[in-house]
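*Asks:* Please work out how this folds:
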Amino acid sequence: MTVSSRDRRDEAEAMCPHRLILEHVTSRWGVLVLIHLLDRPHRFSELRRAIGRVSEKMLTQTLQTLERDGLVHRDARPVIPPRVDYSLTGLGREAAEQVRDLAGWTEKRTADVLAARRAYDDARAS
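*Replies:* Down below sits the predicted model:
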């Protein structure tokens, strides 16, 4: 008997739902999507350009995950060509502000972390 990926996901969510939400919000692309959407809604292609170096597949998966978690709203308009805009929900804005603050801290404290790494590596090499 094989276990589907959906079954594994459902089991993981039932066991530790907050951990999965944290993974989604703090994932490599999740962080960047949330921060960029803080400014304003973006179309898919705008978001991809703003983030840079993310594949269409990864951005699509990230947006779907964040939408499923209630953090991102997808607004598909029935026009030609189709127009889809992504924006933050209230819950998403709250998460994005937290993530932005953490990203700001890492930028501000990078030199200190790099110095700590050098000290650690030097001590281990001796």
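*Asks:* contacting residues around the residue most central in space within the chain?
*Replies:* What sits nearest the mean C-alpha location of the chain, by C-alpha atoms, centre = their mean, is Gly30, with 0.6 Å. For Gly30, the contact set (C-beta atoms under 8 Å, 6 or more residues apart in numbering) comprises His24, Thr62, Thr65, Leu66. In this view, the C-beta of every residue, glycine as well, is placed from N, C-alpha and C.
*Asks:* can you check Ser5 too?
*Replies:* Contacts of Ser5 by C-beta under 8 Å, 6+ apart: none found.
*Asks:* Residue numbering should commence at 42 henceforth.
*Replies:* Taking 42 as the first residue, the last one we looked at is Ser46.
*Asks:* Buried ones in stretch 60-74, by neighbour count?
*Replies:* Buried residues in stretch 60-74, counting neighbours by 16 or more other C-beta atoms under 10 Å, are found at Ile62, His65, Val66, Ser68, Trp70, Gly71, Val72, Leu73, Val74.
*Asks:* Those: which two are farthest apart?
*Replies:* The largest separation in those, counting by C-beta to C-beta, is between Ile62 and Leu73 at 17.2 Å.
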